[in-house]
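Trainee: Sharing a model prediction with you, sequence too.
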Amino acid sequence: MPRTRSALPSPVGPVRLTPDARTALRPAAVTIGAGFWHDRRTTNARVSLPQGPDLLESAGNLHNLRLAAGTDEGEFRGAYPFVDTDVYKWLEAASWQLAQGDGELPGGDVERIVGLVAAAQQPDGYLNTWFQLVKGGERYQDLRWGHELYCAGHLIQAAVAHHRSTGRPELLDVARKFADHVDSVFGLPGSGKPIDGIDGHPEIETALVELYRETGERRYLDLAGYFVDRHGHGLLGGEAYCQDRVPLREATNVEGHAVRQLYLLAAAADLASETGDAELRAAGERLWRAMTTTKTHLTGGLGAHHDQEDFGDPYELPNERAYCETCAAIASVQWSWRLALLTGEARYSDLIERTLFNGFLAGVALDGERWLYVNPLQVRDGHTDAGGDQSARRTRWFRCACCPPNVMRLLASLEHYCATGDEHGLQIHQFVTGVYATDRVRVRAETDYPWHGTVAFTVEETPADGPWTLSLRIPQWCREFRVRCGPESYDRSDVPVEEGWLRLTRTWAPGDRVLLELGLEPRLTAADPRVDAVRGCVAIERGPLVHCLEQVDHPGGGLDDIVLDPSRPLAVKHRPDLLGGVTTVVAAGRRRRIPERGWWPYAPATDEGPEPDGEPVELTAIPYHVWANREDGSMRVWLPTS
């Protein structure tokens, strides 16, 4: 793709490319004004975010900062050495919300906590309350588990968000001071710096790139490159868990702790964008394809194992033991967005859409007050769960509370992931009601997506000096579509879709309208036959939404004996009375009669014979992202057909 240097506006958001970035696309300015994502973001702004300071207070995070600042007494509170990051992620989320200018979040809490962070920082820039209070000031002696640089990364990202949103320098000054300290300590042998090392949890790498973009200080970009390239050289014992088994440039598949892998890959994409490093770009494209083809759940969820929170082997995609950490879904969105900017290819935004609507959004309850750390695709009949971080039941907060503020920061900055611009025009990646704009064009959209497939675009501002291209992403799942542009109407057979893009090039005038109609017929989906866990099963999807069954909708038994009849048509029913208003898919199935086998549940296959028909039952499939918002019970995405 051509290198882009156009002077597009720099919208407030997590990725602000420099003018010399070697990317095909650049983020456009988007305002989300109504509809599905507006409603969820409103809950985030009015419920989730305002609770943050009280939750951080009750969990001890703010108390620890006061201890480090010398303004409180007591003991360190928290189960982990990285609890500072919960504060930083909340600050980042709150800062993006302040950028909306809607007054939903009291600014006083943000500035109060910024002041507390600044007061806790040591004179040389170091800041980590665990090591300052518990370890007697010991530094960088436990890089595998200590997460000092991981915490620094989240502090930097919060500071960049705060500076971009408010223009105030206080938190950015703290972050720069810490980054300068890290730069004085870490470097290659022979550099004159005392430590050649990496953090066990990547995060500082992408944060340093963004600090470079915010300040223009090249040494932050160079430091990010140092950390990315030192992974895989055995500095932490050579374990895949902490991304230290193989250098990223040589890797052939994603492995180890899913969130750590994805944060590292996001940084690699950032570096490729700013430096033109072709090898890093090729590695990112190679690993993304390996991940999506062999290690991604239908929901976009990532992580097969509870143990070590890792990817597992190719095609190892369990259901009830799927980990699919909410933070991994967020990291996937961050990485895919950077690859979309770098390459201009729509497939990355296809995965973003799938992940946002399913694997990510399931992580927060409809009320904005309860959370899921892990997102399984099945909860069995009779499942017992005491709650906690790895629970399949929604929880008010966690001992390791990484996911809730991570959800808050993505929702608060979601408009950043919706559109881009280049010298040719405007590209629509995600469909929302609102306004999409570059420095040359402005387009308004109205839609009830994902419940309905119609998106109406109206050109509001356009240059008078010639044509430009409005590019609409046609989702990977979409079988049929129709587009009307003025008096002309086209369907899939009439117009080419190039690499996922429908490109409409013409000399536009204010008031010109484009109507895109995406077919949202419900469909049955089967997995690659190498995925043993779901062989002989199908899943129900409609548009970008994966659906599931919940026990509460199917009285008279659990879900383990449910069989779907794939020969019967699927029906759509809008339910304004259900879960805040959702569209369900109704399917035909039956409860199979399973023969009693006494104390031993196995029998010779030859003894089975034809399976009895069983009792017919109507199946109600709800969108996966709203499961676990009613009573506890079983749930499943993949349904057996025999």
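Mentor: Looks like it came in fine.
Trainee: The nearest residue to residue 129 once chain neighbours are set aside - how many residues pack around it?
Mentor: In space, and not counting its chain neighbours, residue 129 is closest to residue 64: 4.0 Å by C-beta to C-beta, 6 or more residues apart in numbering. Where you see a C-beta, it was placed from the backbone N, CA and C, and this is true even at glycine. Residue 64 has 27 neighbours, counted by other C-beta atoms under 10 Å.
Trainee: What lies in contact with the helix or strand encompassing residue 64?
Mentor: Per DSSP states H and E, residue 64 falls inside helix 61-69. Applying C-beta atoms under 8 Å, 6 or more residues apart in numbering, the external contacts of helix 61-69 come out as 53, 56-57, 72-74, 76-78, 83-84, 86-87, 113, 116-117, 119-120, 127, 129-130, 132-133.
Trainee: Quick one, which of those residues are buried?
Mentor: Taking 16 or more other C-beta atoms under 10 Å as the criterion, what is buried in these is 53, 56, 76-78, 83-84, 86-87, 113, 116-117, 120, 127, 129-130, 132-133.
Trainee: Which ones among these map onto helices?
Mentor: If you go by DSSP state H, the buried ones among the contacts of helix 61-69 have 53, 56, 84, 86-87, 113, 116-117, 120, 129-130, 132-133 in helices.
Trainee: Please identify which of those is nearest to residue 212.
Mentor: Within those, proximity to residue 212 (C-beta to C-beta) peaks at residue 117, which comes in at 21.3 Å.
Trainee: how about the helices in the stretch 401-550 of the chain?
Mentor: For the stretch 401-550 of the chain, helices defined by DSSP state H, counting those that start in this stretch occupy the ranges 403-412.
Trainee: How far does stretch 73-86 sit from its chain's centre?
Mentor: The chain centre lies 26 Å from the centre of stretch 73-86; the measure is C-alpha atoms, centre = their mean, to the nearest Å.
Trainee: neighbouring contacts of that stretch?
Mentor: In contact with stretch 73-86 (C-beta under 8 Å, 6+ apart) are residues 56, 59-61, 63-65, 67, 127-131, 133-134, 145-147, 150-151, 154-155, 201, 399-402, 405.
Trainee: and if you look at stretch 108-116?
Mentor: Identification of contacts with stretch 108-116 by C-beta under 8 Å, 6+ apart yields 52-53, 56, 62, 65-66, 69, 87, 90-91, 94-95, 98, 162, 168, 170-171.
Trainee: Output that stretch in CSV with nothing but the alpha carbons.
Mentor: Taking C-alpha atoms only, stretch 108-116 is exported to CSV below (Å, rounded to 0.1, in the frame of the first residue of the first chain):
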residue,chain,number,x,y,z
GLY,A,108,-12.5,16.7,40.1
ASP,A,109,-11.9,13.0,40.6
VAL,A,110,-9.5,12.8,37.7
GLU,A,111,-7.4,15.8,38.8
ARG,A,112,-7.4,14.6,42.4
ILE,A,113,-6.1,11.2,41.5
VAL,A,114,-3.6,12.7,39.1
GLY,A,115,-2.3,14.8,42.0
LEU,A,116,-2.0,11.6,44.1
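Trainee: And it, how far out from the chain middle?
Mentor: Distance, centroid of stretch 108-116 to centroid of chain: 27 Å (C-alpha atoms, centre = their mean).
Trainee: Buried residues in it, which are they?
Mentor: Going by neighbour count (16+ other C-beta under 10 Å), the buried part of stretch 108-116 is 109, 110, 113, 114, 116.
Trainee: and if you look at stretch 363-371?
Mentor: Residues 363, 364, 365, 366, 368, 369, 370, 371 are the ones in stretch 363-371 that count as buried (16+ other C-beta under 10 Å).
Trainee: Between those residues, which sits nearest residue 231?
Mentor: Closest approach to residue 231 among those (C-beta to C-beta): residue 363, at 26.9 Å.
Trainee: Quick check: the gap between that closest one and residue 183.
Mentor: Distance, residue 363 to residue 183, by C-beta to C-beta, to the nearest Å: 35 Å.
Trainee: what's the answer for residue 291, then?
Mentor: Counting by C-beta to C-beta - residue 291 and residue 183 are separated by 32 Å.
Trainee: do you know how far the spatially closest residue to residue 253 that is not a sequence neighbour is from residue 614?
Mentor: Once flanking residues are discounted, residue 253 sits nearest to residue 290: 4.4 Å by C-beta to C-beta, 6+ apart. To residue 614, residue 290 is 41 Å away according to C-beta to C-beta.
Trainee: Please enumerate the helices of the stretch 151-300 of the chain.
Mentor: Assigned by DSSP H, counting those that start in this stretch, the stretch 151-300 of the chain shows helices spanning 170-185, 204-215, 218-230, 258-275, 278-294.
Trainee: wait, which of those is closest to residue 39?
Mentor: Between residue 39 and the helices of the stretch 151-300 of the chain, the shortest separation by C-beta to C-beta is 27.5 Å, and it involves helix 258-275.
Trainee: Just want the angle from that closest one to helix 278-294.
Mentor: Inter-element angle recorded for helix 258-275 and helix 278-294: 140 degrees (by axes from the mean of the first three to the mean of the last three C-alpha atoms, to 10 degrees).
Trainee: Remind me what helix 258-275 packs against, helices and strands.
Mentor: In terms of contacts (3 or more C-beta pairs under 8 Å, 6 or more residues apart in numbering; DSSP states H and E), helix 258-275 is packed against helix 204-215, helix 218-230, helix 278-294, helix 326-343.
Trainee: and the nearest residue in space to residue 469 that is not next to it in sequence, how far is that from residue 472?
Mentor: Spatial nearest neighbour of residue 469, excluding adjacent residues (C-beta to C-beta, 6+ apart): residue 425 at 3.7 Å. As judged by C-beta to C-beta, residue 425 and residue 472 stand 11 Å apart.
Trainee: do the same with residue 559
Mentor: In terms of C-beta to C-beta, residue 559 sits 38 Å off from residue 472.
Trainee: do residue 204 as well
Mentor: Distance from residue 204 to residue 472, by C-beta to C-beta: 37 Å.
Trainee: in the stretch 401-550 of the chain, what spans have low per-residue confidence?
Mentor: Residues of the stretch 401-550 of the chain meeting the criterion pLDDT under 70: none.
Trainee: hang on, I meant the chain
Mentor: 1-10, 102-106, 384, 386-387, 607-613.
Trainee: please redo it, this time with the cut-off set to 50
Mentor: 1-9, 610 (pLDDT under 50).
Trainee: Give me the most central residue, it.
Mentor: Here the mean C-alpha position of the chain is nearest to the C-alpha of residue 330 (C-alpha atoms, centre = their mean), at a distance of 2.1 Å.
Trainee: Is it possible to get CSV of the ones in helices among the buried ones among the contacts of helix 61-69 that adds distance to residue 315?
Mentor: Below are those laid out as CSV (distance: C-beta to C-beta, whole Å):
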residue, distance to residue 315
53, 44
56, 40
84, 38
86, 35
87, 39
113, 45
116, 47
117, 44
120, 46
129, 42
130, 39
132, 45
133, 45
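Trainee: From the residues you listed, pick the one nearest residue 484.
Mentor: Using C-beta to C-beta, residue 86 is the member of those that sits closest to residue 484, with 48.2 Å.
Trainee: Tell me where the stretch 351-500 of the chain has strands.
Mentor: Secondary structure of the stretch 351-500 of the chain by DSSP state E, counting those that start in this stretch: the strands cover 378-379, 419-422, 425-428, 433-437, 442-447, 454-461, 468-473, 481-485, 488-491.
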